[in-house]
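Undergrad: Here's my sequence, what's the structure:
(3 chains)
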Amino acid sequence: MRYWLFKTEPSEFSIEDLRKAKKQTEPWDGVRNYQARNLLRDEMKEGDRVLFYHSSTKPTAVVGTARITREGYPDHTAFDPKNKHHDPKSKKTEPTWFMVDVTFESEFPDPVTLEELKGLVELKDMMLLRRGARLSVQPVTATEFKAVLTIAKAKAKAAGHPYAQR
DNA sequence: GCCAACGTTGGC
DNA sequence: GCCAACGTTGGC
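TA: This next block holds a predicted model:
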């Protein structure tokens, strides 16, 4: 199994939106970067785990977890001229852009902020913390994933919230 | 194929 | 709102 981190601006789409979605599942559409596309199309597998990250907000933070529940398939928003992610060069017969489905798994009672992630030895190579690493979906190691969950659990416990996520 | 111009991302 | 970092575009 592999681990990933998905970035999203909560004003566009938040963990709450995913939690409240039908079947708590949504397609991760609108990704228009080739490196990210390759990960979505080729690398992500059903059951893979996802750290859900809120960017461009205060504070920026990992706010929960999700699962990949459908592997890469064509991003149909590229075909729709009215969609803001429309891309005329993507053809139905030969799609340029792909997406996966993600399903809500957990929401941290107390998010793990970017600030808290910095300086942790286990996370010293984490892509999110690298300068200029703008990839909106990115790989995370098992160690990094677990380190974030450990912090989330410790914070939840300190705040008196039960949080039993593995 | 080079590379300048431009657009986007995203932390601050 | 600023701006550094990066990706894409398009003229040559």
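Undergrad: State the mean pLDDT of the helix ranked longest in chain A.
TA: Looking across chain A with DSSP state H, the single longest helix is helix A:142-158. Mean pLDDT, helix A:142-158: 94.
Undergrad: so how far is it from its chain's centroid?
TA: 16 Å (CA atoms, centre = their mean, to the nearest Å).
Undergrad: do that helix and DNA strand B meet?
TA: No. On the criterion CB under 7 Å from any atom of the strand, helix A:142-158 is out of touch with DNA strand B, staying 14.4 Å away. To be clear about C-beta, it is placed using only N, CA and C from the backbone, and glycine gets the same treatment.
Undergrad: so where do the strands sit in chain A?
TA: Remark: strands assigned in chain A by DSSP state E are A:3-8, A:25-27, A:49-54, A:61-74, A:98-113, A:137-140.
Undergrad: Would you tell me which one of those strands is buried the most?
TA: The highest mean neighbour count among the strands of chain A, using mean count of other CB atoms under 10 Å, belongs to strand A:49-54: a mean of 24.
Undergrad: and that strand, what does it pack onto?
TA: Contact here means 3 or more CB pairs under 8 Å, 6 or more residues apart in numbering; DSSP states H and E; on that basis strand A:49-54 packs against strand A:3-8, helix A:15-20, strand A:61-74, strand A:98-113, helix A:142-158.
Undergrad: How many neighbouring residues does the residue in chain A that DNA strand C sits nearest to have?
TA: Nearest residue of chain A to DNA strand C: A:G132, at 2.0 Å (CB to the nearest atom of the strand). Neighbour count for A:G132, taken as other CB atoms under 10 Å: 4.
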